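J.: structure, please.
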Amino acid sequence: MIVARSLCMLSLGAACVAGCSSAAHLPNEDVVESQGLTVAARNGAQPGGIELDANGNYVAGDDRVNYTLNNGYGIIRVYAVLGNPGDGASSGLQARLGQIFQAIRDGGRGSVKVFVRFYYATPLTWKSGSADSASRIRRDIGSVQGLINGYRDVIPFLQAGFLGPWGEWWGGDLEGSDYGTDSDLRTLKTGVVDALKAAFPGMPIQMRYPRDIATYYANDAQIAFHDDAILAGSDDQGTFYGWKGSALWPGDGSSTQQQRDFMKSRSARLASLNAGEASEETPSLDCGTLLNYLATYNIRVFNTDWPSTVSACAGTVKSGLTWPATAGTSGGGTTTPPTTSGAVLGCWATDQRPWQYCYPSSCGGDRCQRTLADSSCNMYIPSSCHGTWPPAGYSGDESTGPAPTTPSTPSGGGPTSQTVLGCWAPDQRPWQHCIVSGCASGRCKRASSDASCSMYQPSACLGSWPPAGYPGEEF
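T.: Numbers count the residues shown, from 1 in each chain. As a prediction, the model looks like this:
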């Protein structure tokens, strides 16, 4: 299908007129409708984005779609502002989003993408009435569910949004630590993310702060990360703020490096599709330094439009920030294998969660193999694992362990029956005794009578918690 119409619809309220130019198309004249066909993004460079008000009017960025298509960028952002929680996206907003998505599909032939973040005109920053707020947010998500699922070939991920100014999860009751013990905060935060997960199965959902990822979704492969203040000071302008305690680290101001280590390890282990941008506090920097930093956190999308300290790196980001064809494609379609030969968490059936390691390097599409020596690719990569089985602690569950550096082996066999100092999570130090007999590589159990191997052997205990003298310490 030759398409030349949708790009005309994106000037401010202008109607498409006969003879609209198709100059915004990519060089290939045969622009095909790509619904149902997933193509890799041409790169992860993002030239700013669009902001729409609650009625679908442009607040900013009415030229961004054409600019993205014509200047070699791979993805664009849309901020969609909502009115009151629970009112749903207006018909005008839905129509405008549909125009933008269709123009990206038509003009980019699948190789240009778009992502969305929703938030409220009056930021929602309070936890009182959390159950009601979560219910209202679910209704708002439901109002765009069909629209977004209809364009999953060009929408690789969403950002969690909805809470805080610009949907960035700060302000009011959202500040400070969250250890998962405040029932109102838990209801509010998981209400947003679980509703997004349910509405868009398998689509990566990016969250703003390591604190919330660690507390609620530490091992959930569908949850990714967006850092909106890259290289802005020692903690990325509060992204890794040492006073934002979580279930995995203290909120005493000391945890910045621990948070960084957690996000690096988690992003590699779960092959997260992460995104980011700089801030007004990001200093002038070398473009190679920027690319190295993005790679460290598996950041595949970066806004090169702002501030000026990074805009000079647009060309470097276009050529150097690659994007695997499988990224964000769990909604269906044809994919190609990731370029890495490393292990990722996978599953044996698509109605399972990611829970055992596998290797995608020699497999096509959404498949991977349990070990590199296997003759067939019987497992699935994380983006195709959409279920909740097996339960936590199931025999052979590797979802909380470090990625292996050599091909993994099924549970059973394993080390001797010796007792070693282990930990309960890989971001802890070795501090309690456990028994390795009968456990998979890297795992151990607290007592020989335990049915599951819920602890980790010392080589997997890479953190610094608990502090010296913690109750139960056997170090």
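
J.: distance of the residue lying closest to residue 213 once chain neighbours are set aside from residue 44?
T.: Excluding its sequence neighbours, the residue lying closest to residue 213 (Cβ to Cβ, 6 or more residues apart in numbering) is residue 207, at 5.3 Å. Bear in mind the C-beta positions are built from the backbone N, C-alpha and C, glycine included. Distance, residue 207 to residue 44, using Cβ to Cβ, to the nearest Å: 19 Å.

J.: go on, residue 120?
T.: Distance, residue 120 to residue 44, by Cβ to Cβ: 28 Å.

J.: between those two, which is the more surrounded one?
T.: residue 44 (27 against 23; other Cβ atoms under 10 Å).

J.: touching, that one and residue 321? I think so.
T.: Yes. The pair residue 44 and residue 321 qualifies as a contact (Cβ atoms under 8 Å) at a distance of 4.0 Å.

J.: any shared contact partners between the two?
T.: Overlap of the contact sets of residue 44 and residue 321 (by Cβ atoms under 8 Å, 6 or more residues apart in numbering) consists of 300-302.

J.: residues touching the closest residue in space to residue 280 that isn't next to it in sequence, list them.
T.: Excluding its sequence neighbours, the residue lying closest to residue 280 (Cβ to Cβ, 6+ apart) is residue 307, at 5.6 Å. With contacts defined as Cβ under 8 Å, 6+ apart, the neighbours of residue 307 are 278-280, 282.

J.: which residues of the stretch 301-450 of the chain fall in strands?
T.: 344-346, 356-358, 367-368, 379-380, 419-422, 432-435, 443-444 (DSSP state E, counting those that start in this stretch).

J.: then the stretch 1-150 of the chain?
T.: Going by DSSP E, counting those that start in this stretch, the stretch 1-150 of the chain shows strands at 45-46, 49-52, 58-60, 75-82, 113-120.

J.: the residue nearest to residue 280 and residue 88, how far apart?
T.: The value you get for residue 307 to residue 88, if Cβ to Cβ is used, is 35 Å.

J.: with residue 75 instead?
T.: Taking Cβ to Cβ as the measure, residue 75 falls 26 Å from residue 88.

J.: the more surrounded of these two?
T.: Neighbour count, other Cβ under 10 Å: between residue 75 and residue 88, residue 75 has more, with 30 against 18.

J.: domains of this structure?
T.: 6-320, 337-410, 415-475 (automatic domain parsing).

J.: nearest spatial neighbour of residue 466, skipping sequence neighbours?
T.: Using Cβ to Cβ, 6+ apart, the closest residue to residue 466 is residue 431 (6.1 Å).

J.: how many neighbours does that neighbour have?
T.: Around residue 431 there are 20 residues (other Cβ under 10 Å).

J.: cool, residue 86 as well?
T.: If you count neighbours by other Cβ under 10 Å, residue 86 ends up with 15.

J.: who touches it in this structure?
T.: Contacts of residue 86 by Cβ under 8 Å, 6+ apart are 135-137, 139-140.

J.: my read: residue 430 touches residue 458, true?
T.: Yes. Between residue 430 and residue 458 a contact is recorded at 4.3 Å, counting by Cβ under 8 Å.

J.: shared neighbours of the two, anything?
T.: In contact with both residue 430 and residue 458: 420-423, using Cβ under 8 Å, 6+ apart.

J.: before we move on, back to that, can I get the shared contacts of residue 44 and residue 321 in a markdown table including neighbour count?
T.: Shown next, in a markdown table, are the shared contacts of residue 44 and residue 321 (neighbours: other Cβ atoms under 10 Å):
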| residue | neighbour count |
| --- | --- |
| 300 | 26 |
| 301 | 30 |
| 302 | 27 |
